[in-house]
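Trainee: here is my input; please provide its structure:
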Amino acid sequence: MDIVSIFALIILILSIFTLLVGVAAYLAFKIRQSRGKSVKVHGGSEAEPEAIFLKRYQPGGSAVDKRVE
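Mentor: Alright, predicted model coming up:
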């Protein structure tokens, strides 16, 4: 086998593997989507989920509101 055949075989195998991973990801997405919205949000059943690590940015307001805590 010459080097071109080896590279062609490697590219073919990687392409098939990538296609299989994509199909598996799509199937996992469809299964997750069919289960419905059963995701639990931190803070209970509020209309808007509470931010755990970040603080919400609200434009406008005075300089006192923009202080660093």
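Trainee: in the protein, which spans are helices?
Mentor: For the chain, the helices defined by DSSP state H cover 3-34.
Trainee: shaky segments in it?
Mentor: 37-51, 61-69 (pLDDT under 70).
Trainee: tally of neighbours for residue 27?
Mentor: Close neighbours of residue 27, defined as other C-beta atoms under 10 Å, add up to 10. For glycine as for every other residue, the C-beta is placed from the backbone atoms N, C-alpha and C.
Trainee: let me redo that: residue 34
Mentor: Residue 34 is flanked by 7 other residues according to other C-beta under 10 Å.
Trainee: separation between it and residue 13?
Mentor: Residue 34 sits 32 Å away from residue 13, taking C-beta to C-beta, to the nearest Å as the criterion.
Trainee: from residue 19, how far out is residue 28?
Mentor: According to C-beta to C-beta, residue 28 stands 15 Å off from residue 19.
Trainee: sorry, wrong one. I was asking about residue 55.
Mentor: Taking C-beta to C-beta, one finds residue 55 at 43 Å from residue 19.
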